[in-house]
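Trainee: Need the 3D shape of this:
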Amino acid sequence: MAARKMTFSLPLELADRLVKRVPARERSSFLACVLEKSLLEEDDALIRSCLSANQDTEAKVIEQEWDEIRDAIEEPWSDAPAQ
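Mentor: The predicted structure follows:
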């Protein structure tokens, strides 16, 4: 797997805990695993939120109202004369 070196800062206490608990040669893979898990959890939470919002009847009504407004607006460039 291709890798990319990165430099970032951690709060001192967190960095100390990492150094004490994870051997030096395992830190990159440890952090990669933790980041992957965290990002997947955030993705799952976002998906659940979107699915929930899509089931919300009030949100559907608002979306339909916005669609009607957007459909009613004539784009200024759609019937402009060619130059």
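Trainee: and the most centrally placed residue in the chain, what does it touch?
Mentor: The residue lying closest to the centre of the chain (C-alpha atoms, centre = their mean) is residue 43, at 6.3 Å. Residue 43 makes contact with no residue under the criterion C-beta atoms under 8 Å, 6 or more residues apart in numbering. From N, CA and C alone the C-beta is placed, and that goes for glycine too.
Trainee: Next SSE downstream of the helix or strand where it lies?
Mentor: Using DSSP states H and E, residue 43 sits in helix 27-55. For helix 27-55, the following helix or strand on the C-terminal side (DSSP H and E) is helix 57-72.
Trainee: which secondary element of the protein has the worst mean pLDDT?
Mentor: When the helices and strands of the chain are scored by mean pLDDT, DSSP states H and E, helix 57-72 comes last with a mean of 84.
Trainee: what comes into contact with it?
Mentor: Here helix 57-72 makes contact (C-beta under 8 Å, 6+ apart) with 53, 54.
Trainee: what angle separates it from helix 27-55?
Mentor: 80 degrees (axes from the mean of the first three to the mean of the last three C-alpha atoms, to 10 degrees).
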